[in-house]
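*Asks:* model the following, please.
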Amino acid sequence: NPGQARTLEALAATQGRALYEGALADAISEHARATGGAMTREDLLAHAPEWVTPMDLAYRGVRVHELPPNGQGIAALIALGLLARHDIAGCAIDSAESLHLQIEAMKLAFADAYRYVADPTHMERDGSWLLDDGYLDARAAMIRVGEAHAAAPGPLPRGGTVYLATADAEGRMVSFIQSNFWG
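*Replies:* As a prediction, the model looks like this:
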């Protein structure tokens, strides 16, 4: 595809800046406008990338890394964490049992991701708890060979921080914070 080749060459030549300024940015914003989108050239110009630390999980001797939320890569890590608790290696490749384990793991992983993963500034907690051994153990126990289930997100860990502030008409104020170090 010549257009794709030109795009990749422009991205390489500009170290990615072509995505945010110039002809490619113009084409992106024009396409967005023409198809009812809200992204503008100014939005692209205003974009500032954010450096993040990847999340990771050990799976069968390999360390698997994914971008943290707001990306959905954590769903893959959750699924691998669930599969690590089952003998998928003992299943024939593409067997009904192997596929069943993978499907059930992804159903649970996506249920959690859809419920708990968002813009990190709006998440109830960071996503790392979804990879905790205890949480993965409990979720993996829900997967049984020969049984398909509707997947619902798991519960948030109990605990957190409570903050209360109040003031009266005379300017007296009280501030109270109680934390058990969970949030």
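
*Asks:* identify the residues contacting the spatially closest residue to Met39 that is not a sequence neighbour.
*Replies:* Residue nearest to Met39 in three dimensions, not counting chain neighbours: Ala32, with 4.2 Å by C-beta to C-beta, 6 or more residues apart in numbering. (Each C-beta comes from the backbone N, C-alpha and C, glycine too.) Counting by C-beta atoms under 8 Å, 6 or more residues apart in numbering, Ala32 touches 38-40.

*Asks:* ok, these vs Arg172, which is closest?
*Replies:* Arg172 has its nearest neighbour among the contacts of Ala32 in Ala38, at 46.6 Å by C-beta to C-beta.

*Asks:* ok, that closest one to Ser29 distance?
*Replies:* 10 Å (C-beta to C-beta, to the nearest Å).

*Asks:* same check on Ala23?
*Replies:* The value you get for Ala23 to Ser29, if C-beta to C-beta is used, is 11 Å.

*Asks:* neighbour count: those two, which is higher?
*Replies:* Ser29 (18 against 11; other C-beta atoms under 10 Å).

*Asks:* element containing the more buried one, please.
*Replies:* If you go by DSSP states H and E, Ser29 is part of helix 23-34.

*Asks:* using CSV, write down the CA coordinates of that helix.
*Replies:* Only the C-alpha atoms of helix 23-34 are listed here, as CSV (Å, rounded to 0.1, in the frame of the first residue of the first chain):
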residue,chain,number,x,y,z
ALA,A,23,0.3,16.8,6.2
LEU,A,24,-0.4,13.6,8.0
ALA,A,25,-1.9,15.4,11.0
ASP,A,26,-4.1,17.4,8.5
ALA,A,27,-5.3,14.2,6.9
ILE,A,28,-6.1,12.7,10.3
SER,A,29,-8.1,15.7,11.5
GLU,A,30,-9.8,16.1,8.1
HIS,A,31,-10.9,12.4,8.2
ALA,A,32,-12.2,12.8,11.7
ARG,A,33,-14.2,15.9,10.7
ALA,A,34,-15.6,14.2,7.6
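
*Asks:* distance between the ends of stretch 29-39?
*Replies:* 6 Å (C-alpha to C-alpha, to the nearest Å).

*Asks:* next one: that stretch to chain centre, how far?
*Replies:* In terms of C-alpha atoms, centre = their mean, to the nearest Å, the centre of stretch 29-39 is found 26 Å from the chain centre.

*Asks:* number of nearby residues for the residue nearest to Ala118 when sequence neighbours are not counted?
*Replies:* Leaving out its chain neighbours, the residue that sits closest to Ala118 by C-beta to C-beta, 6+ apart is Asn70, at 6.2 Å. Using other C-beta under 10 Å, Asn70 has 15 other residues around it.
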